[in-house]
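# no sequence for this one, just the structure:
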């Protein structure tokens, strides 16, 4: 399995309507993109405000394997979501890693 983590930093504060549109589009990926095992997304609610650095939306997707993760990028549903971000983003952080079943010593 592979984990895909994304943090979004926007140029300006999003309206609640725009936040809901983005979250809706993200959650629809779970039913539209093959290979997604689990998907969660939401607005940053941390109390550690010194550590936010402007990142206000998070996404976590668990894929069944690396190929599913690779196929996700060009998938039309993902590209639709990317289009919704046009002109809104200041920065994005992405972390992808294989999920290990046990600790490696």
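Yep, that arrived. These numbers come from a predicted model, not from an experiment.
# which residues in the protein form strands?
Counting by DSSP state E, one finds strands in the chain at the ranges 2-10, 36-43, 55-63, 89-98.
# Reformat those strands as TSV; add distance to residue 80, mean pLDDT and mean neighbour count.
(Each C-beta comes from the backbone N, C-alpha and C, glycine too.) Listed next are the strands of the chain as TSV, based on distance: least, CB to CB, whole Å; pLDDT from 0 to 100; neighbours: other CB atoms under 10 Å:
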stretch	distance to residue 80	mean pLDDT	mean neighbour count
strand 2-10	16	97	18
strand 36-43	15	97	15
strand 55-63	15	97	19
strand 89-98	16	97	12
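# Let me know which of the ones you listed is the nearest to residue 28.
Residue 28 lies closest to strand 36-43 among these, at 9.5 Å (CB to CB).
# what angle separates the closest one from strand 55-63?
170 degrees (axes from the mean of the first three to the mean of the last three CA atoms, to 10 degrees).
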